[in-house]
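Undergrad: predicted model, plus sequence, below.
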Amino acid sequence: MEHGNGIDSRVVRGLGAVNCLSWAMLGGFFIRPGERFSLAGTPYLLDLVHRGSREVVIKKGSQVRITTTKFLECVHGCIFGRFRQNVLYMMPTARQVEALSRISFDPILELNDGIRRYLETNTAYLKTFRGRSIYFVGAVPQKVGGTKDSVSLRSIPCDLVIRDEVDLMDEGMVELSRQRLRDSELKLEWSFSTPTYPGYGVDKLWQSSTQNHWEIKCSSCWHYTCLGRDFPRSVGVIDGRWERICVKCGKRIDVKDGQWVPAFPDRSIEGFWVDGLMSPRADLGQDMARLERMEMESNRYGRSEFLRSVLGIASLEADYRLVEEDILSCCQLEPRWSSYEGPSAMGIDVGNRLHYVIGIRVSGQTWKVLTAGEEDSFDGLLLLIHRFGVRSLVIDAQPDIHASRDFLRRLSGKGVRGYRCYYSELMPSEVETDELEGRIKCNRNEWCDRVYSLVKDRQIQFPAAASLPSDFPSQLTQTARTIVENEQTGVKKPRWVKLGDDHYFHALLYFLLAGRWLNVSIMDREQKKRTPASAACRYLIRG
């Protein structure tokens, strides 16, 4: 029996058992009606399959055929026994799962007998081949007992977890998906995405990887060019057309003359950068005209999206973002305090550790941070509350509602006004307070604006920089405001986004919320003289 390309089926099966791309090409597989799978123009795909490492990261431009290639590798692994357990294929939402299955994956299964003969179950969320299943899930968490959870992720033992567009997924669900690999010998993780913000999602994973670049060798001068890294010098006009060019001699170069070169070959996570200029369907003329138009219009948000979707470069054209110089300019000469008679306010951000900010109001619009740091336990926070005369407190309600609620119960009868804070982007500007439940709700964007403005306008005083936690200034820079477009409605609106560890930013925000119940503090000279932390007692302050 011959396949669609005239090759004997036994040859196809023999080669196909070794490599999924050989299987697809020799089998003459269609990826959509009238279009067969081919590596023509996409030689970079060859080394992106059957990797030996457990974790593979791909940051990419749009339409570079990564999703199709990785789906074929999944199906191949189920049919030929590479996977003994299941595959978990994650997308940001259930709606995206349904669309991807209907538009991209179902045609592959329906058009190719070499795949269809092994297909036992085919729904939008489940595809089974020879007893091994690919489960498709939307990485949207549900609230279970006050914490984020997902029944679909908890119930699936897997050999492989795929995170398609990882930048758009809930971070808690990304971590939960890793637990599905605990009973696997393979423990494979593939994450790929068009990057969004620097130091976030796939860009963060890429930074800790081998960082493979597709280096194209010029046939004229033998110099190597990476299209994305060397852009815009890597494209130019030859004979009236935009072409890929050598950055050294300016001659035309061809993607097929490239090879993957790692910047850090000894790292355990394999990372690849597949920029959109590598795609055989890239219209360089249209891309450059689009970029030129945005530059002329000073369209920084359009330019940012170009960098992401075409070049695969994380970008943040933020209109509001603090820099470390802003924080340092608010630092005073005196070190952070070791105690204070009160009254003071406290903000607490809850994570693996408990980050806190304690301070006072020194005028109607001016604030003073007395100390900041982190604790391992709530017991440590109780000691700080006593030592600094804290009278009002706001704590992050997430991620563990029970822990924050129990902590506030321990403050009952101690003269401390405590609240759990919930963020919302839909509510009006006024803070909602529920005294009975000990809960407040605020507009996240507006209060992030307030933190930014307070620091920018130097209406807040920080202790001497040398006495602050070393990561305090940097964490205040890891939240920024940008413009986000709703995929369903197309509506654009500002939103503060997380770029990295930002615990102190939110602890400061919670401190400002708690300070709403503070009167202006008048510090007498004796208290001010004796309470700042000296060089000796600074070691007693944990965090």
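TA: Thanks, I have the structure now.

Undergrad: every contact and neighbour count from this point should use C-alpha atoms.
TA: Fine.

Undergrad: where along the stretch 251-400 of the chain do the strands fall?
TA: 258-262, 270-274, 320-321, 344-350, 354-361, 367-375, 390-396 (DSSP state E, counting those that start in this stretch).

Undergrad: least reliable of those strands going by mean pLDDT?
TA: Lowest mean pLDDT of the strands of the stretch 251-400 of the chain: strand 320-321, a mean of 84.

Undergrad: that older thread, redo the strands of the stretch 251-400 of the chain as CSV? Include mean neighbour count.
TA: Output for the strands of the stretch 251-400 of the chain, formatted as CSV (neighbours: other CA atoms under 10 Å):
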stretch, mean neighbour count
strand 258-262, 17
strand 270-274, 26
strand 320-321, 17
strand 344-350, 28
strand 354-361, 26
strand 367-375, 22
strand 390-396, 25
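
Undergrad: residue closest to the middle of the chain?
TA: G201 (2.5 Å; CA atoms, centre = their mean).

Undergrad: does it touch D167 like I think?
TA: Yes - using CA atoms under 8 Å, G201 is in contact with D167, at 4.6 Å.

Undergrad: what is in contact with these two at once?
TA: P195 (CA atoms under 8 Å, 6 or more residues apart in numbering).

Undergrad: next, the buried residues of the helix or strand where R409 lies.
TA: Assigned by DSSP states H and E, R409 belongs to helix 401-410. By 16 or more other CA atoms under 10 Å, the buried positions in helix 401-410 come out as 404-405, 407-408.

Undergrad: most widely separated two among those?
TA: S404 and L408 (6.4 Å; CA to CA).

Undergrad: which ones are touching G77?
TA: F83.

Undergrad: which pLDDT value belongs to it?
TA: pLDDT, read off for G77, is 93.

Undergrad: for L499, see how far away it is.
TA: Distance from G77 to L499, counting by CA to CA, to the nearest Å: 35 Å.

Undergrad: quick one on the thing from earlier: in CSV, list the buried residues of helix 401-410 along with pLDDT.
TA: Below are the buried residues of helix 401-410 laid out as CSV (pLDDT from 0 to 100):
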residue, pLDDT
S404, 82
R405, 84
F407, 88
L408, 87
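
Undergrad: and these as CSV, adding distance to S22?
TA: What follows is the buried residues of helix 401-410, written out as CSV (distance: CA to CA, whole Å):
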residue, distance to S22
S404, 55
R405, 57
F407, 59
L408, 61
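
Undergrad: can you tell me which of these is closest to S329?
TA: S404 (33.4 Å).

Undergrad: so what's that closest one closest to, chain neighbours aside?
TA: Nearest non-adjacent residue to S404, counting by CA to CA, 6 or more residues apart in numbering: A397, 6.0 Å away.

Undergrad: now that neighbour: how far from K441?
TA: Distance from A397 to K441, by CA to CA: 10 Å.

Undergrad: between those two, point out the one with more neighbours.
TA: More neighbours surround A397 than the other of A397 and K441, with 23 against 17 (other CA atoms under 10 Å).

Undergrad: and Q211, how far is that from T42?
TA: 19 Å.

Undergrad: higher neighbour count, those two?
TA: Taking other CA under 10 Å, Q211 and T42 do not tie; Q211 has more neighbours (24 against 16).

Undergrad: and that one, backbone torsions?
TA: phi 60, psi 70 (degrees, to the nearest 10).

Undergrad: ditto for S184
TA: phi -100, psi 140.

Undergrad: next up, the contacts around it.
TA: S184 touches 85, 157-159, counting by CA under 8 Å, 6+ apart.

Undergrad: do that again at 6 Å, thanks
TA: D159 (CA atoms under 6 Å, 6 or more residues apart in numbering).

Undergrad: give the burial count for A282, as a bare number.
TA: By other CA under 10 Å, neighbour count at A282 equals 15.

Undergrad: now F105
TA: Using other CA under 10 Å: F105 sits among 19 other residues.

Undergrad: three-state assignment of it?
TA: Three-state assignment for F105 (DSSP: H, G, I helix; E, B strand; the rest coil): helix.

Undergrad: roughly how far does it sit from L126?
TA: 12 Å.

Undergrad: joint contacts of these two?
TA: By CA under 6 Å, 6+ apart, no residue touches both F105 and L126.

Undergrad: test my guess that F388 contacts S339.
TA: Yes - assessed by CA atoms under 6 Å, F388 is found in contact with S339 at 4.9 Å.

Undergrad: need the strands of the stretch 251-400 of the chain in TSV (columns: distance to E243).
TA: Output for these, formatted as TSV (distance: least, CA to CA, whole Å):
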stretch	distance to E243
strand 258-262	16
strand 270-274	18
strand 320-321	37
strand 344-350	51
strand 354-361	52
strand 367-375	54
strand 390-396	53
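
Undergrad: coming back round to it: overlap in contacts of A397 and K441?
TA: What both A397 and K441 touch, as defined by CA under 6 Å, 6+ apart, is the set C421.

Undergrad: what's near enough to touch the residue nearest to the centre of the chain?
TA: D167.

Undergrad: do the same with the one 5 residues further on
TA: The contact partners of W206, taken as CA under 6 Å, 6+ apart, are G271.

Undergrad: which SS state does it fall under?
TA: helix.

Undergrad: once you drop chain neighbours, what's closest to V49?
TA: E73 (6.9 Å).

Undergrad: tell me the pLDDT of that neighbour.
TA: On the pLDDT scale, E73 gets 94.

Undergrad: before we move on, which element is it in?
TA: E73 belongs to helix 66-79, assigned by DSSP H and E.
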